[in-house]
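Colleague: Got a sequence here, can you model it:
(2 chains)
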2 protein chains.
Amino acid sequence: MSDYVAPVREMRFVLDEIASLEALTGLPGYEDVAADLVDAILGEAGKFAANELAPMNRSGDLSGSRLENGVVYAPEGFKEAYSKFVEAGWCSVAFDPEYGGQGLPRAVSTAVSEMVAASNLSFSLCPMLTHGAVDLLIHHGTEAQKQTYLAKMISGEWSGTMNMTEPHAGSDVGALKTRAVPEGDHYRITGTKIFITWGEHEMADNIIHMVLARTPDAPPGSKGISCFIVPKYLVNADGSLGERNDLRCVSLEHKLGINASPTAVMSFGDSEGAIGYLIGEEYDGMHCMFTMMNMARLDVGLEGIAIADRAYQQALSYARERVQGRPVDGSRKDAVPIIQHPDVRHMLMTMKATTEAARALAYFTAAHLDIAERHSEEGQRRKSQGLVELLTPVVKAWATDIGVEMASIGVQVHGGMGFIEETGAAQHYRDARITPIYEGTNGIQALDLVGRKLTYDDGVHVRRLLDDMRATVGDLGSGSNGTSDLGDRLAAAVEDLAAATDWMIETRGAGAANDWAGGATDYLRMLGVTTGGYLMARAALAAERRLADGSSDREFLSAKIATARFYGDHVLPRAGALLGPVTRGAELLFAIEPEHMAN
Amino acid sequence: MSDYVAPVREMRFVLDEIASLEALTGLPGYEDVAADLVDAILGEAGKFAANELAPMNRSGDLSGSRLENGVVYAPEGFKEAYSKFVEAGWCSVAFDPEYGGQGLPRAVSTAVSEMVAASNLSFSLCPMLTHGAVDLLIHHGTEAQKQTYLAKMISGEWSGTMNMTEPHAGSDVGALKTRAVPEGDHYRITGTKIFITWGEHEMADNIIHMVLARTPDAPPGSKGISCFIVPKYLVNADGSLGERNDLRCVSLEHKLGINASPTAVMSFGDSEGAIGYLIGEEYDGMHCMFTMMNMARLDVGLEGIAIADRAYQQALSYARERVQGRPVDGSRKDAVPIIQHPDVRHMLMTMKATTEAARALAYFTAAHLDIAERHSEEGQRRKSQGLVELLTPVVKAWATDIGVEMASIGVQVHGGMGFIEETGAAQHYRDARITPIYEGTNGIQALDLVGRKLTYDDGVHVRRLLDDMRATVGDLGSGSNGTSDLGDRLAAAVEDLAAATDWMIETRGAGAANDWAGGATDYLRMLGVTTGGYLMARAALAAERRLADGSSDREFLSAKIATARFYGDHVLPRAGALLGPVTRGAELLFAIEPEHMAN
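Modeller: Take a look at the predicted model:
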């Protein structure tokens, strides 16, 4: 029941048709990426995920990681699987060959990351955080720092962490108190960090902590924060491991889900102070961390998709096997698999359509990250960069919201068995719940979207996206197979989104902060649902083209068209329903004083 | 943080204004129910729930019930609390004084049940199931059976269970295989039942199992099912307890939530066959069980509301205490409680408004149950009975859907702390998830609503309800305080609901079963959201009236109006968005063959 099969055909289709893989492989640095290489990578990654990682998902949840005498032990099998993961090169897929990476497009590594997260979310967090730390080093590290850390981190021999949160500094990172006092070529770090995912473990030979702290004369708030490299083991000049640094895991959290991954309370500097090295400029810590977080936000959005897909696979499998009840249309006199019941089919189609839309959005965003980084024309780079910045909070928040919702539907498909832990559906429901919270809560994402990203250049990026959607509406009008219905639904959603966008940009400009902030989450959802519909429509058009061209993959392509149409009929209407809520303003939000909100 | 305060003022307001308590106390048999008696009962029940039950909610979740040598031990403190619960008379609130009950209206006992479920859902399931078994005995038992069991069950000294589900007979009860062979004045029962809530425990002196089984010559399917009383301990002629019956708990499930309540696998008749007594006529078992289930469905709907309210209270308390981040409108230079942030306020108002709407719907339905049972005029009884039958699946399914959704929002308000089990928010998210499943999955409720309830008398009950809603729209038009806006929103939702209703009744009549069944869940949600809006509007109008009459409770009444308006702006639009999905038909549901649904 807990089997995972990587949806390789679907992934490849989305890469080709939504991420425009062929164009990506024309970008400087990606010229060697051939189509069959991508197929080989997706196939092998799928096998690794299914054979090595998925089988430990439930056992890891049951046993959890444990802390004994300062040592954190991952669940049985994790260390061995991690070694194989490193050996097989799965850590390095996206990185620059200059530092030992495999130099594949982000869009392709995104598909690999989805498989890893879907097969074993807890496991995936270790390479995911390393990935973010590597990005930080690449963008902000000195040449010497890169030489010291990058190759080992890219290979995965060393893992990385992000140390931001403190008990009184969660979403408000600027309130943190960890201190960094200069001493020669390094700093001494003292403080406590919480919610540090894979903050301590024995799977990698070393752990490179990226730690936010304040230097002695730092101004208050986020402007006084600097970022430090704080390795678990100090690294000698020859690259060998030296002394244990003055940092330790003091406890692990007892969580709702992702139990196999240790969530550590880390104490830095209990004795003489942990040795840390400034990365980037002093007071530039937030900027550094945002590099790490932007990548991590895409990865966390992907986790929502991964869980939704895993939950879907499991629900589909159960619904095809579980025989219960006669068909409501009287077509059979005996009991049938529950997938034949309209309500169960409705749940499954909702999961399938929503998950595919969110996947399309994530891969689309990753493809524009590739273009933003590598395209030869600056204008195109800037366009794509603008789109990536606009859509990153949407991928993070919308895809994790739907991850929770789809995991919940997955439990429901199982009926009473869904509530029994052995079935495994409940684990997805528990695991999924962290994703709207970490790497910036979804509320923070919405503020980032509306408060910053939407209004760059007076909203040029969102308006360009709206125009692209309108062009697709035009294309649908001439479609067959009922995609013209999808065109009508998309047109309605796009114009409602355009109206909400106008209101948002105007209100943002007018400085009515509570009004725009109060509608920000609903606006983000509207943008997510509609962009998802736009990309599903493009997928349907591409499927029609392939069918017209005589593709032999008729079932898959016909299913894609039906799924896109289902999305248009059943999911897209959510967008229009949000136009009112987005634009109501904050009056009723603040109409009741907090002390009178209890009944 | 896990404190629970019963919302007594709100409950009393809903009882007065939505359940029309004054009219209920004019019904035959309720003449002695004075206003101050209701206040005393709500006050005392609230204290009991807060002081005795709420403190064991987390500890019970942590330890769970355990099975040792056939004996099930409830978590520490549960047995003592249950004794106090019985002594204080909380089991008997709703029942006929003829059998030792307190003879209070169902509407009032509904408020008490909400408090018990909110303070400790696992605990509440024991009296809840007993409640259902008592109803079954009252409606179908012989006088001798009533004399033997009723008084002890109404007092709570003995508890009751419902034994329907078997491994291959979940939603399809008719597939069950448990056998009942006649032997003198009783039957011998043999079979295995699963998912039996509080199926075995030591809190009560005896457990009266209501068991569905087949007699030897029974026809197949649900028409061949009979219902049996199968006590844990046989009862002697003098009412004392006799021998242990041949039934036992063979295992307990490891569940996602409600861990304090044992979910038992029960084995009947491992030796000579368990002794059971036929209740009602042979082959009338489903009819008997529906008596039990209809009551239980209202109670389970109430559990959704109870969890939503508990989650809201906890989130509100956290948001008022947790200081983090400066206001987005720049009104303060230092950090404020997060309740001052628009997005957090939005989440809290959504929880508050939705929970109040669902509560209004549940109490409204309970009040009509009182009228249906007791009104002196048959016409009025039939009207109310029709409304109860229409709304029971809506209360069950819509209120439990929102229970899950609100518990999830409650976790989100807590940020990272919400994912840590100690906080308690995660428990509500886990506990809530069973409620859309048990007592008939929400999909089954939707089939019941559209397949049976909606079309009684050609839809007269739903059309009468729509007319009542339209009258309230008219009343809102003349309101002040912005309730005319609420009128516009409600009018739109009501007309969309009316259109969906016409489509449903017509499609149901045309026999297009997959079409109506495929839209049934969305139709149920539409009916729930809109009826909730109608009742919130009535609550707002009542609050305006009281304010105009010079009530001193200005903050509460103003908050009620603001909450209703928020519901209109932010929740009601969900109804209109479902009109399309409800009426699309089943084409796209079945467009992809099951074997091609995987990617």
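
Colleague: Leaving out chain neighbours, which residue sits closest to residue A:311?
Modeller: Nearest residue to residue A:311 in three dimensions, chain neighbours excluded: residue A:410, at 3.4 Å (Cβ to Cβ, 6 or more residues apart in numbering or on different chains). (Glycine included, C-beta is placed from N, CA and C.)

Colleague: now the strand or helix carrying the one you found, how far from the chain's geometric center?
Modeller: In the assignment (DSSP states H and E), residue A:410 maps to helix A:378-413. Once both centres are worked out by Cα atoms, centre = their mean, to the nearest Å, helix A:378-413 turns out to sit 7 Å from its chain's centre.

Colleague: in that helix, what's buried?
Modeller: A:381, A:383-413 (16 or more other Cβ atoms under 10 Å in any protein chain shown).

Colleague: Can you tell me the SS state at the closest residue to residue A:276 other than its chain neighbours?
Modeller: Counting by Cβ to Cβ, 6+ apart, residue A:228 is the residue found nearest to residue A:276 once chain neighbours are left out, at 3.5 Å. Classification of residue A:228 using DSSP: H, G, I helix; E, B strand; the rest coil returns strand.

Colleague: wait, doesn't residue A:228 sit right on residue A:213?
Modeller: Yes: using Cβ atoms under 8 Å, residue A:228 and residue A:213 qualify as a contacting pair, with a distance of 5.9 Å.

Colleague: Between those two, which has more neighbouring residues?
Modeller: Neighbour totals were compared for residue A:228 and residue A:213, and residue A:213 leads with 30 against 26 (other Cβ atoms under 10 Å in any protein chain shown).

Colleague: Figure out the helix or strand that the more buried one lives in.
Modeller: Applying DSSP H and E as the criterion places residue A:213 in strand A:206-214.

Colleague: Can I get that strand in PDB, CA atoms only?
Modeller: Taking C-alpha atoms only, strand A:206-214 is exported to PDB below (Å, rounded to 0.1, in the frame of the first residue of the first chain):
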ATOM      1  CA  ASN A 206      30.500  16.800   8.900                       C
ATOM      2  CA  ILE A 207      27.600  19.300   9.200                       C
ATOM      3  CA  ILE A 208      28.100  22.800   8.000                       C
ATOM      4  CA  HIS A 209      25.700  25.100   9.900                       C
ATOM      5  CA  MET A 210      24.800  28.400   8.400                       C
ATOM      6  CA  VAL A 211      24.100  30.500  11.500                       C
ATOM      7  CA  LEU A 212      22.600  34.000  11.800                       C
ATOM      8  CA  ALA A 213      24.000  36.000  14.600                       C
ATOM      9  CA  ARG A 214      24.700  39.600  15.800                       C
END
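
Colleague: In that strand, which residues are buried?
Modeller: Residues A:206, A:207, A:208, A:209, A:210, A:211, A:212, A:213, A:214 are the ones in strand A:206-214 that count as buried (16+ other Cβ under 10 Å).

Colleague: Could you find the closest non-adjacent residue to residue A:79?
Modeller: The shortest distance from residue A:79 to any non-neighbouring residue, by Cβ to Cβ, 6+ apart, is to residue A:203 (4.9 Å).

Colleague: how close does residue A:413 get to residue B:168?
Modeller: Here the criterion is Cβ to Cβ, to the nearest Å. By it, residue A:413 lies 17 Å from residue B:168.

Colleague: Residue A:38 now?
Modeller: Using Cβ to Cβ, we find residue A:38 at a distance of 45 Å from residue B:168.

Colleague: between the two, who's got more neighbours?
Modeller: Neighbour tally, residue A:38 and residue B:168, criterion other Cβ under 10 Å: the higher count belongs to residue A:38, 22 against 14.

Colleague: That one falls within a helix, correct?
Modeller: Yes: checked against three-state DSSP, residue A:38 lies within a helix.

Colleague: quick one, what contacts it?
Modeller: Counting by Cβ atoms under 8 Å, 6 or more residues apart in numbering or on different chains, residue A:38 makes contact with A:12, A:15, A:21, A:104, A:108.
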